[in-house]
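[1] Would you be able to build a 3D model of this:
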Amino acid sequence: MLRSFLFSGFAALLLLLLVPITCRAKLNDKACHSSCGNIHDIRGPFRLKDDPLSCGDSEYELACENNRTILHLNSRKYYVEEINYKHETIRVVDTALRKDDCSTLLLHSLNDENFGDEYLYILRDKYTAINFIDCEAPISSPFYVDMPFCSKNSSSNFSLSSIQTYSYVVVGDMKVSDLRDSCSIARVVRISSRGPKIDKSSLSSIQDGLLYGTDLIWDFKAYLRWFAPAILESGSLLIGLIVALRTLFGTPYYFVFESNNFHS
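    Residues are numbered from 1 along each chain as shown. Model prediction:
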């Protein structure tokens, strides 16, 4: 009977210590919710510059400029169009990207060259590939969508290179064997596959897909840095409780074992 009473007391004491931690975590979680523009749920590991220092991770700090959420990454600025905590992705668009402007579509669309192991984000492995193609001769194919404003002889006087004359865009994964003669891939861009369906034969639809944005996955280590203090705090209290009970009554696990045997 005494052992059963001590075990019940141990369980009650543990519950009393853990409940304040849970309540405090909920209060902190509520206090660390921010919003900016169309992004209404900014929370750990993210934070805004004006959030309390205890909120989020400083390496995942976002800015709110002209009522738009901004990600500063690798000396570039990106509009944050969506943060998806379920899929752990953040969808971004380079602020310099402009429709009907070939130079921005090529230079400011995200691809593998923008990332490496040292960065905080990686490109999501589920995506739609947009291939920018250079050709020395005109191509007649429903899959090769003409980009006349990117051609060497266009009025914009912009060319993907000094050699190629004709420029195209192809939607979907491509192999070298898929390329037509005299053509080469100038750049491959990954865009979000969760956006509106792209009409592969429509240049305007492809441009809209590029402007919809690219999904990035944030580093899982951000979660460890974000939740570590709470985990350590809970763990320290639990260890302290066990040590105290061992000192006063003996090993708590002994009570559990003996209590089970007693009732059986």
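[2] which stretches of this protein form helices?
    2-31, 102-107, 203-212, 221-249, 252-263 (DSSP state H).
[3] any idea how far T214 is from S193?
    10 Å (C-beta to C-beta, to the nearest Å). C-beta here means a position set from N, CA and C on the backbone, and glycine is covered the same way.
[4] Give me the more crowded residue out of the two.
    Shown here are T214 and S193; by other C-beta atoms under 10 Å, T214 has more neighbours (25 against 14).
[5] Name whatever forms a beta bridge with the more buried one.
    V92 (DSSP bridges).
[6] before we move on, what about D146?
    Y168.
[7] That one against I206, yeah?
    No: between D146 and I206 there is no contact under C-beta atoms under 8 Å: 11.2 Å.
[8] Who has more neighbours out of the two?
    Using other C-beta under 10 Å as the criterion, D146 and I206 rank with I206 on top: 22 against 16.
[9] Surely the more buried one and G172 touch.
    No: under the contact definition of C-beta under 8 Å, I206 does not touch G172, with a separation of 11.0 Å.
[10] list the residues that contact both of the two?
    Any residue near both I206 and G172 by C-beta atoms under 8 Å, 6 or more residues apart in numbering counts here, and that gives K200.
[11] Next up, the contacts around S58.
    R47.
[12] Do you know the pLDDT at it?
    On the pLDDT scale, S58 is placed at 90.
[13] Kindly report the same for the one 3 residues further on.
    Among the per-residue scores, E61 shows a pLDDT of 94.
[14] and what of C23?
    Listed pLDDT for C23 reads 41.
[15] cool, L211 as well?
    Looking at L211, the pLDDT reads 92.
[16] And it, how close does it get to T165?
    27 Å.
[17] Please apply the same query to T128.
    Distance from T128 to T165, by C-beta to C-beta: 27 Å.
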